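>>> please find the sequence and the predicted model below.
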Amino acid sequence: MWKPSPKSLPTTITRSLDLNGIKTSMLLQLFSDRIFFTVSQYSGKMGTLLQCTVDESIIDASRTFEISTLLGKRDDTLLEVYARQITERISALVPKQHGGTGT
(Lines give C-alpha, C1' and ligand atoms only; values in the text may rest on other atoms or scores of the structure.)
Protein backbone atom coordinates (compact mmCIF):
# COMPACT_ATOMS: atom_id res chain seq x y z
CA MET A 1 0.00 0.00 0.00
CA TRP A 2 1.99 3.05 1.21
CA LYS A 3 4.94 1.08 2.61
CA PRO A 4 8.20 2.96 1.93
CA SER A 5 10.94 1.38 -0.11
CA PRO A 6 14.13 0.48 1.84
CA LYS A 7 16.28 2.85 -0.21
CA SER A 8 14.23 5.87 0.88
CA LEU A 9 14.08 5.13 4.62
CA PRO A 10 12.90 6.88 6.60
CA THR A 11 10.19 8.62 4.66
CA THR A 12 9.42 11.82 6.59
CA ILE A 13 6.34 14.05 6.46
CA THR A 14 6.05 17.23 8.55
CA ARG A 15 3.10 19.57 9.00
CA SER A 16 2.44 22.65 11.14
CA LEU A 17 -0.95 24.15 11.82
CA ASP A 18 -2.79 26.45 14.18
CA LEU A 19 -5.23 24.70 16.55
CA ASN A 20 -7.32 27.18 18.54
CA GLY A 21 -4.48 29.71 18.46
CA ILE A 22 -1.81 27.18 19.47
CA LYS A 23 0.96 26.34 17.00
CA THR A 24 0.98 22.57 16.54
CA SER A 25 3.71 20.62 14.76
CA MET A 26 3.43 17.03 13.52
CA LEU A 27 6.13 14.68 12.31
CA LEU A 28 5.52 11.29 10.69
CA GLN A 29 8.39 8.95 9.84
CA LEU A 30 7.77 5.66 8.04
CA PHE A 31 10.27 2.87 8.63
CA SER A 32 10.04 -0.65 7.21
CA ASP A 33 8.93 -2.14 10.56
CA ARG A 34 7.44 0.79 12.49
CA ILE A 35 5.95 4.25 12.35
CA PHE A 36 7.20 7.23 14.38
CA PHE A 37 4.62 9.97 14.88
CA THR A 38 4.91 13.08 17.06
CA VAL A 39 2.53 15.90 17.87
CA SER A 40 4.00 18.91 19.64
CA GLN A 41 2.56 22.15 20.97
CA TYR A 42 5.76 23.12 22.76
CA SER A 43 8.31 25.41 21.17
CA GLY A 44 11.70 23.75 21.64
CA LYS A 45 10.62 21.65 24.64
CA MET A 46 10.26 17.91 25.02
CA GLY A 47 6.89 16.74 26.30
CA THR A 48 5.69 13.20 26.88
CA LEU A 49 6.84 10.41 24.56
CA LEU A 50 4.58 7.36 24.34
CA GLN A 51 5.15 4.07 22.54
CA CYS A 52 2.15 2.29 21.09
CA THR A 53 2.55 -1.34 20.08
CA VAL A 54 0.02 -3.23 17.97
CA ASP A 55 -0.08 -7.02 18.22
CA GLU A 56 -2.20 -9.14 15.93
CA SER A 57 -3.78 -12.40 17.06
CA ILE A 58 -2.91 -15.48 15.02
CA ILE A 59 -6.30 -16.95 15.93
CA ASP A 60 -8.75 -14.32 14.73
CA ALA A 61 -6.54 -11.50 13.34
CA SER A 62 -7.83 -9.07 15.98
CA ARG A 63 -5.50 -6.29 17.08
CA THR A 64 -4.40 -5.51 20.65
CA PHE A 65 -2.90 -2.13 21.54
CA GLU A 66 -0.36 -1.52 24.31
CA ILE A 67 0.69 1.98 25.33
CA SER A 68 3.75 2.73 27.47
CA THR A 69 5.32 6.01 28.53
CA LEU A 70 8.97 6.37 27.53
CA LEU A 71 9.54 9.98 28.71
CA GLY A 72 7.53 12.61 30.55
CA LYS A 73 4.21 12.41 32.40
CA ARG A 74 3.27 8.95 33.60
CA ASP A 75 -0.30 7.89 34.34
CA ASP A 76 -1.84 10.59 32.14
CA THR A 77 -4.82 8.66 30.81
CA LEU A 78 -5.91 11.42 28.43
CA LEU A 79 -2.57 11.28 26.60
CA GLU A 80 -2.92 7.50 26.39
CA VAL A 81 -6.42 7.84 24.93
CA TYR A 82 -5.15 10.23 22.26
CA ALA A 83 -2.19 7.96 21.46
CA ARG A 84 -4.46 4.92 21.21
CA GLN A 85 -6.87 6.71 18.85
CA ILE A 86 -4.05 7.87 16.58
CA THR A 87 -2.52 4.38 16.58
CA GLU A 88 -5.86 2.75 15.74
CA ARG A 89 -6.35 5.06 12.77
CA ILE A 90 -2.82 4.55 11.45
CA SER A 91 -2.92 0.77 11.93
CA ALA A 92 -6.25 0.61 10.06
CA LEU A 93 -4.33 1.76 6.97
CA VAL A 94 -1.90 -1.16 7.23
CA PRO A 95 -3.16 -4.53 5.94
CA LYS A 96 -3.50 -7.22 8.61
CA GLN A 97 -0.63 -9.72 8.59
CA HIS A 98 -2.36 -12.68 10.32
CA GLY A 99 0.00 -13.15 13.22
CA GLY A 100 2.48 -10.30 13.22
CA THR A 101 3.64 -7.48 15.40
CA GLY A 102 3.83 -3.82 14.50
CA THR A 103 4.43 -0.48 16.12
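Received, thanks. Numbering: from 1, shown residues only.
>>> make it CA atoms for all contacts and neighbour counts henceforth
Will do.
>>> what's across from the most centrally placed residue in the chain in the sheet?
The chain has residue 37 as the residue nearest its centroid, 4.5 Å off, counting by CA atoms, centre = their mean. On the basis of DSSP bridges, residue 37 is bridged to residue 28.
>>> show me where the chain has its strands.
Assigned by DSSP state E, the chain shows strands spanning 11-19, 22-30, 35-40, 49-56, 63-71, 101-102.
>>> any chance of these in a markdown table, plus mean pLDDT and distance to residue 90?
Converted to a markdown table, the strands of the chain look like this (pLDDT from 0 to 100; distance: least, CA to CA, whole Å):
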| stretch | mean pLDDT | distance to residue 90 |
| --- | --- | --- |
| strand 11-19 | 90 | 14 |
| strand 22-30 | 87 | 11 |
| strand 35-40 | 86 | 9 |
| strand 49-56 | 88 | 11 |
| strand 63-71 | 90 | 12 |
| strand 101-102 | 49 | 11 |
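>>> which of those strands sits most buried?
Of all those, strand 49-56 carries the top mean neighbour count, a mean of 18, counting by mean count of other CA atoms under 10 Å.
>>> please name every helix or strand in contact with that one.
In this structure, strand 49-56 makes packing contacts with strand 63-71, helix 77-92, strand 101-102, judged by 3 or more CA pairs under 8 Å, 6 or more residues apart in numbering; DSSP states H and E.
>>> which one, of the ones you listed, ends up nearest to residue 9?
strand 101-102 (16.8 Å; CA to CA).
>>> against residue 16, how distant is the residue located most distally from the centre of the chain?
Of all residues in the chain, residue 59 has its C-alpha farthest from the mean position, at 24.9 Å, by CA atoms, centre = their mean. Between residue 59 and residue 16 the computed distance is 41 Å (CA to CA, to the nearest Å).
>>> measure how buried residue 80 is and give me the count.
A count of nearby residues for residue 80, using other CA atoms under 10 Å, gives 19.
>>> likewise residue 83?
20.
>>> for the one 5 residues further on, same thing?
If you count neighbours by other CA under 10 Å, residue 88 ends up with 16.
>>> for it, give me the pLDDT.
Per-residue confidence (pLDDT) for residue 88: 90.
>>> Throw the helices and strands packed on strand 49-56 into a markdown table and include distance to residue 25, thanks.
Below are these laid out as a markdown table (distance: least, CA to CA, whole Å):
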| stretch | distance to residue 25 |
| --- | --- |
| strand 63-71 | 18 |
| helix 77-92 | 15 |
| strand 101-102 | 24 |
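>>> this completes my enquiry, with thanks.
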